[in-house]
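K.L.:
Here is a sequence together with a model predicted from it:
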Amino acid sequence: MSNTLTVALLQLARVEGDMAAGEAVCRRAKALGADIALFPEMWSNGYLADLPPGPGAQDVHRHPDLWGGGGSAAPSLDGSVWRGKPVARDSAFVGHFRELAAELDLAIALTYLEKWEGPEGPGGPERAGEPGRLAGTDRAGGPGEPGGSEQSGGLPLRSTVGGLPPRNTVSLIDRHGRLVLTYAKVHTCAFALPEAALTPGDSFEVRTLDTAAGPVEVGAMICYDREFPESARALMLAGAELILTPNACELEQNRLAQLRSRAYENMTAVALANYAGPGWGHSVAFDGMAFDEDGASRDMSVVEAGEAPGIYPAVFDLDALRAYRRRETWGDAFRRPGAYGSLTGRTVREPFTRVDAAGHRLPC
């Protein structure tokens, strides 16, 4: 009998702070046999923000030629652009879902606008679970890792409540109610509001999640992260078998194909939960196995939702995935890292130069 793991993709309507609705869908996910319930991006406030009106008014970085000669005013990067209050990692909100996870014997990938006071603040260092593996290294992450950058998008950020701007975060709570992994989005959409008013994360990390199917190596990336192949690659190199991907944007054919590629090239299972709605939806999962044992091509799709709200179970065959990774040629089997030096270079060349309205470049 195959050893399977079920991830419930919670494709929800965008609402602000409906904790009761979140609890209800977790209970339904458990009733459907889920091992993990995955929320869409920044579910604590429905990824809702109050943005300045007008074409280009939300832009923070453009190519120098696209600012024009009029000296466009820089938009405010005040963290209050986001609706709802930032949520601390030790808040009643997170605590509620920790208790729920333990009650239901269900892991929950909870997403929220995280109150952030830096790596030394109350929500900074990981305070529960085993040290994770940091992508790109052979070492374990200790206290303070991952941390957060204090600057995003080239302009100094500020918060209306003191401290640093909030982070876009997912916390993976295991079935015992323990915080196993807290990941903040590294590739924030720093080119425009509202995400230019966020503190980005600065590392990808993998943790061992205890499930009814046994231990599973799990990492996370959030929305725009998946548009950079380095994100999933870094997680694979850190040992990820499963990548959880909260999302909040239109999912059309190009982005879906892109995510399929992330699963294919890394031989990892990928599960993505998006918000429901016209042009949105399409929560999706790929199992990372592109060929069968005879070398014939196979469809990696596990499930793809439409645009309606719902809970969409994605069932992954862990034994088959692990056997596939042992025999096939992608992932880390035949890489040539010595030829990849430019991947970590910090020089941005034309036509990719981006500056703010004052001409300051986006820092790497």
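P.N.:
Received the coordinates, thanks.

K.L.:
Spell out the secondary structure type for Arg89.
P.N.:
When classified by DSSP: H, G, I helix; E, B strand; the rest coil, Arg89 comes out as coil.

K.L.:
Please tell me how far it sits from Pro166.
P.N.:
Using Cβ to Cβ, to the nearest Å, Arg89 is found at 12 Å from Pro166. C-beta: built from backbone N, CA, C; applies to glycine.

K.L.:
Now list whatever residues contact both of these two.
P.N.:
114-115 (Cβ atoms under 8 Å, 6 or more residues apart in numbering).

K.L.:
Comparing those two, which residue is more hemmed in?
P.N.:
More crowded of Arg89 and Pro166, by other Cβ atoms under 10 Å: Pro166, with 28 against 23.

K.L.:
Count the neighbours of the residue lying closest to the more buried one once chain neighbours are set aside for me.
P.N.:
Nearest non-adjacent residue to Pro166, counting by Cβ to Cβ, 6 or more residues apart in numbering: Pro86, 4.0 Å away. Pro86 is flanked by 22 other residues according to other Cβ under 10 Å.

K.L.:
Make sure Pro86 is actually in contact with Trp116.
P.N.:
Yes - counting by Cβ atoms under 8 Å, Pro86 touches Trp116, with 7.3 Å between them.

K.L.:
list residues touching both of the two?
P.N.:
Taking Cβ under 8 Å, 6+ apart as the contact rule, Pro86 and Trp116 both touch Pro166.

K.L.:
So Ala196 versus Glu114, what's the distance?
P.N.:
16 Å.

K.L.:
Just give me the residue right at the centre of the protein.
P.N.:
Residue closest to the average C-alpha location in the chain (Cα atoms, centre = their mean): Ile222, at 1.9 Å.

K.L.:
How about that one: what's its closest non-neighbour residue?
P.N.:
Once flanking residues are discounted, Ile222 sits nearest to Lys185: 4.1 Å by Cβ to Cβ, 6+ apart.

K.L.:
Next one: that neighbour, what pLDDT does it get?
P.N.:
pLDDT for Lys185: 98.

K.L.:
For it, give me its contacts.
P.N.:
With contact taken as Cβ under 8 Å, 6+ apart, Lys185 is in contact with 167-169, 198, 200-201, 221-225.

K.L.:
swap the cut-off to 7 Å and go again
P.N.:
168, 200-201, 222, 225 (Cβ atoms under 7 Å, 6 or more residues apart in numbering).

K.L.:
again, but for Gly46
P.N.:
14-16.

K.L.:
among these, who's most crowded?
P.N.:
Arg14 (16 neighbours).

K.L.:
I'd guessed it sits against Tyr275; true?
P.N.:
Yes - counting by Cβ atoms under 7 Å, Tyr275 is a contact partner of Arg14 at 5.0 Å.

K.L.:
quick one: low-confidence parts of the stretch 201-350 of the chain?
P.N.:
Counting by pLDDT under 70, the stretch 201-350 of the chain contains no low-confidence range.

K.L.:
could you pull out the helices for it?
P.N.:
Taking DSSP state H, counting those that start in this stretch to define them, one finds helices in the stretch 201-350 of the chain at 229-237, 253-266, 318-327.

K.L.:
likewise the stretch 1-150 of the chain?
P.N.:
So, for the stretch 1-150 of the chain - with DSSP H, counting those that start in this stretch - the helices run 19-31, 92-104.

K.L.:
so which of these gets nearest Ile173?
P.N.:
Ile173 lies closest, by Cβ to Cβ, to one member of the helices of the stretch 1-150 of the chain: helix 92-104, at 4.5 Å.

K.L.:
and that closest one, what does it pack onto?
P.N.:
Judged by 3 or more Cβ pairs under 7 Å, 6 or more residues apart in numbering; DSSP states H and E, helix 92-104 is in contact with helix 19-31, strand 107-114, strand 167-173.

K.L.:
Looking at those, spot the one closest to Leu362.
P.N.:
Comparing the helices and strands packed on helix 92-104 by Cβ to Cβ, strand 167-173 comes nearest, at 17.4 Å.

K.L.:
strand partners of whichever helix or strand comes after the closest one, parallel vs antiparallel please.
P.N.:
Counting by DSSP states H and E, the next helix or strand C-terminal to strand 167-173 is strand 179-184. Take DSSP bridges as the rule and strand 179-184 pairs in its sheet with strand 167-173 (antiparallel).

K.L.:
buried set for the partner strand?
P.N.:
By 16 or more other Cβ atoms under 10 Å, the buried positions in strand 167-173 come out as 167-173.

K.L.:
which one of those is nearest Gly281?
P.N.:
Val170 (19.5 Å).

K.L.:
Pull the contacting residues for the residue lying closest to the closest one once chain neighbours are set aside.
P.N.:
Spatial nearest neighbour of Val170, chain neighbours left out: Thr111 (4.8 Å); criterion: Cβ to Cβ, 6+ apart. Going by Cβ under 7 Å, 6+ apart, Thr111 touches 39-44, 169-170, 246.

K.L.:
Identify the farthest-apart pair in those residues.
P.N.:
Applying Cβ to Cβ across the contacts of Thr111, the maximum distance is between Pro40 and Thr169, 13.2 Å.

K.L.:
count of neighbours near the closest residue to Gly22 other than its chain neighbours?
P.N.:
What sits nearest to Gly22 in space, not counting adjacent residues and going by Cβ to Cβ, 6+ apart, is Trp43, at 6.7 Å. Using other Cβ under 10 Å, Trp43 is surrounded by 30 other residues.
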